[in-house]
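A.B. asks: Sharing a model prediction with you, sequence too.
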Amino acid sequence: MGLIWYLSSQTIKGVPFPLFPHADKLIHFVEFGGLAFLWAKALSGRHLFWIWVLVIFYGGIDEWHQKFVEGRQSDFFDFVMDAFGGGVVCGLFYVWGATMCVSHK
């Protein structure tokens, strides 16, 4: 969560954006999907609904935060991709969670 906050605090001046059309949406999907993955692994695949709620909440806070960062803007569709990324990962943990959380020692 700290890394997401740090990255969203950076101005994007001089960055050759977008790399391709809607690249930022893919980045949001991966960032917040990654957040859901880390939380799901930490909680051994339990509480997936609440993990998704946390991801959605943090996505909203992140978009609100970006309104105050020079060169950044808040975008509803970025928020949608945050929620979608978290939802996809939580869904995958729900379907394949038993094998995703097993430690092979």
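C.D. replies: Received it, and whenever you're ready, just let me know what you need.
A.B. asks: how close does Phe57 get to Leu19?
C.D. replies: To Leu19, Phe57 is 28 Å away according to CB to CB, to the nearest Å. Backbone N, C-alpha and C define where each C-beta goes, glycine included.
A.B. asks: any weak-confidence spans in the chain?
C.D. replies: Low-confidence segments of the chain, defined by pLDDT under 70: 13-18, 98-105.
A.B. asks: In it, which residue is most central in space?
C.D. replies: What sits nearest the mean C-alpha location of the chain, by CA atoms, centre = their mean, is Phe32, with 0.9 Å.
A.B. asks: wait, what's in contact with Asp75?
C.D. replies: Asp24, Glu63 (CB atoms under 8 Å, 6 or more residues apart in numbering).
A.B. asks: repeat that with 10 Å
C.D. replies: Contacts for Asp75 (CB atoms under 10 Å, 6 or more residues apart in numbering) come out as Asp24, Lys25, His28, Glu63, Gln66, Lys67, Met81.
A.B. asks: Next, count neighbours for the second one.
C.D. replies: By the other CB atoms under 10 Å criterion, the neighbourhood of Lys25 contains 18 residues.
A.B. asks: That one sits in which helix or strand?
C.D. replies: helix 23-42 (DSSP states H and E).
A.B. asks: Relative to the whole chain's centre, how far out is that helix?
C.D. replies: 4 Å (CA atoms, centre = their mean, to the nearest Å).
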